[in-house]
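S.K.: structure for the following, please:
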Amino acid sequence: MPRHVSVFILLTDLAAVSVTAGLVITHLPTGHDAVMAAVIIVLGMVNTEISRHIERMRRRFSDTPHVNLTSVWTMAAALILSPGLAAAVVIALYLHLWVRSWYQVSGVHAYRLTFSAATIVLACHAVAGVSRKIGVADFLTPTFPQSVWVVPLGILVFSAVNSVLIAVAIGMAERTTSALRTLGSWNENAIEYATLCLGVLTAALLNWNPLLVATFIPALHILHRSILVRQLEQAAIRDSKTGLLNAMAWHTFATKELEKAERNGDTLGVLMIDIDHFKLFNDQYGHLVGDRVLRDVAATVRREVRSDDCVGRFGGEEFVVALPNVDQEEATAVAERICAQVREIRAPDNEDGGSGISVSVGVAVYPAAGTGLDDVLLKADNAMYGAKDNGRNQVRAATFRAPPSKRQT
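M.R.: Numbering: from 1, shown residues only. Predicted coordinates for the structure are as follows:
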């Protein structure tokens with residue numbers, strides 16, 4: 001890891017240890033706390049054992065940040081346990097996850113485990129601090145209005161502390177400010193908030209009747225399975241490096257759009273985009289930088305089109321876009337905008353501080369360019385090669401002869 005990233009990770013680990021040590025001295029655990037901590041650890045481990053193969057597969061398919069379901073148990077620990085025992089719950093559950101689910105999974109390293117555990121420990125302490133600041137010793141105590149605010153504030157604080165620390169580490173390591181890359185998708189964050197809400201219910205049931213918490217485990221297992229199914233569906237249609245549709249999925253979606261255009265008498269624009277001199281660039285700067293350029297270009301293309309336009313990675317350094325209900329002039333304008341924005345991307349270079357990226361774009365529009373998707377793709381591909389032959393870093397629209405008009409007899 002780069003030194004500044006290593007320093008940040010180690011400082012976060014040190015902060016978790018130091019804060020926990022300080023809070024243990026001032027907030028001594030009770031016997032009841034120890035019993036509740038043991039119950040939470042056992043239930044959390046049982047839940048992990050039942051779903052460990054699902055979690056292992058999810059971790060293989062996940063890119064950072066990965067959302068696991070331990071927040072159900074760690075949020076409950078933050079709300080009802082003393083700080084020292086809450087930290088002990090986090091450590092026990094994460095060690096168990098490492099041994100039973102994450103060990104030897106590609107990309108999962110020990111420093112990631114300790115850093116993730118440290119962020120959760122700090123999040124637990126932040127939740128306990130919010131409770132004390134508001135003046136609620138026990139979040140179940142019916143004190144109005146304090147008890148109304150402590151739960152939603154606790155959820156927000158837990159998520160904020162954990163997400164911000166993880167996002168900073170990812171941003172520093174990958175030199176990116178992309179919210180999607182550092183904070184994750186809305187779906188992933190929704191899962192996190194759902195588990196935190198379940199953690200609040202778990203804490204309430206633990207204070208009332210701990211045996212009822214066991215009924216959460218089958219529900220969590222089903223939730224875990226449904227998340228894995230969604231990840232597998234995404235993996236089947238998404239390109240792993242860019243997050244765009246893969247070639248097969250794009251062809252399927254674009255075919256449906258063309259069929260719709262045919263039924264309604266509409267048009268469908270197709271853009272074929274190729275990164276100029278990408279192989280030479282890849283050889284000169286390395287594949288890791290090349291992958292970063294692919295992601296940056298993909299993000300630029302996605303940003304410059306409408307949300308319902310179909311964007312895919314066609315293979316290698318080629319991208320393809322389907323634009324429903326646009327004519328050739330409008331499609332060309334979109335291509336020119338993409339071409340201009342890609343020129344603003346700077347790739348790292350140790351010598352001159354950056355190297356410019358450019359693309360060649362071919363444009364074709366149904367039905368003028370052909371009656372089938374493959375015909376339109378071929379015209380767009382030929383136009384793209386025409387742009388390359390003409391000097392690259394430009395847009396070229398497909399040319400065609402208008403069909404002869406039919407005379408009425």
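
S.K.: count of residues packed around the residue nearest to residue 183 when sequence neighbours are not counted?
M.R.: Spatially, and ignoring its direct neighbours in sequence, residue 183 is nearest to residue 167 (5.2 Å; C-beta to C-beta, 6 or more residues apart in numbering). The way it works is simple: take the backbone N, C-alpha and C, and place the C-beta from them, glycine included. Residues contacting residue 167 under the criterion other C-beta atoms under 10 Å number 18.

S.K.: in terms of helices and strands, where is residue 167?
M.R.: helix 146-174 (DSSP states H and E).

S.K.: for that helix, which positions count as buried?
M.R.: 146-147, 150-151, 154-155, 157-159, 161-163, 165-167, 169-174 (16 or more other C-beta atoms under 10 Å).

S.K.: name the helices or strands packed onto it?
M.R.: Judged by 3 or more C-beta pairs under 8 Å, 6 or more residues apart in numbering; DSSP states H and E, the packing partners of helix 146-174 are helix 3-26, helix 71-80, helix 110-134, helix 179-183, helix 186-208.

S.K.: got the angle for the top helix by length along the chain vs helix 71-80?
M.R.: In the chain, taking DSSP state H as the definition, the longest helix is helix 31-61. Inter-element angle recorded for helix 31-61 and helix 71-80: 150 degrees (by axes from the mean of the first three to the mean of the last three C-alpha atoms, to 10 degrees).

S.K.: pLDDT of helix 31-61, averaged?
M.R.: For helix 31-61, mean pLDDT rounds to 85.

S.K.: so what's residue 325 closest to, chain neighbours aside?
M.R.: Distance criterion C-beta to C-beta, 6+ apart; nearest residue to residue 325, sequence neighbours excluded, is residue 266 at 5.2 Å.

S.K.: sticking with that neighbour, tell me its helix or strand.
M.R.: Counting by DSSP H and E, no helix or strand carries residue 266.

S.K.: looks like it contacts residue 323 (just checking).
M.R.: No - taking C-beta atoms under 8 Å as the definition, residue 266 is not a contact partner of residue 323, at 11.0 Å.

S.K.: show me the contacts for residue 130.
M.R.: Contact partners of residue 130, counting by C-beta atoms under 8 Å, 6 or more residues apart in numbering, are 150, 153, 154, 157.

S.K.: who's in contact with residue 248?
M.R.: Listed by C-beta under 8 Å, 6+ apart, the contact set of residue 248 reads residue 237.

S.K.: is it true that it lies in a strand?
M.R.: No - per DSSP: H, G, I helix; E, B strand; the rest coil, residue 248 lies outside any strand segment and is helix.

S.K.: what's the distance between it and residue 385?
M.R.: According to C-beta to C-beta, to the nearest Å, residue 248 and residue 385 sit 23 Å apart.

S.K.: care to break the protein down by domain?
M.R.: 3-236, 247-397 (automatic domain parsing).

S.K.: what's the most distant pair in the contacts of residue 130?
M.R.: Spatial extent of the contacts of residue 130 (C-beta to C-beta) is set by the pair 150 and 157 at 10.0 Å.

S.K.: what strands flank whichever strand or helix holds residue 272, and is each parallel or antiparallel?
M.R.: Here residue 272, judged by DSSP H and E, is contained in strand 268-275. Counting by DSSP bridges, the strands paired with strand 268-275 are strand 318-324 (antiparallel), strand 359-366 (antiparallel).

S.K.: let's have those in JSON lines, adding mean pLDDT, distance to residue 8 and mean neighbour count.
M.R.: JSON lines is the format used below for the strands paired with strand 268-275 (pLDDT from 0 to 100; distance: least, C-beta to C-beta, whole Å; neighbours: other C-beta atoms under 10 Å):
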{"stretch": "strand 318-324", "mean pLDDT": "95", "distance to residue 8": "34", "mean neighbour count": "25"}
{"stretch": "strand 359-366", "mean pLDDT": "95", "distance to residue 8": "35", "mean neighbour count": "27"}
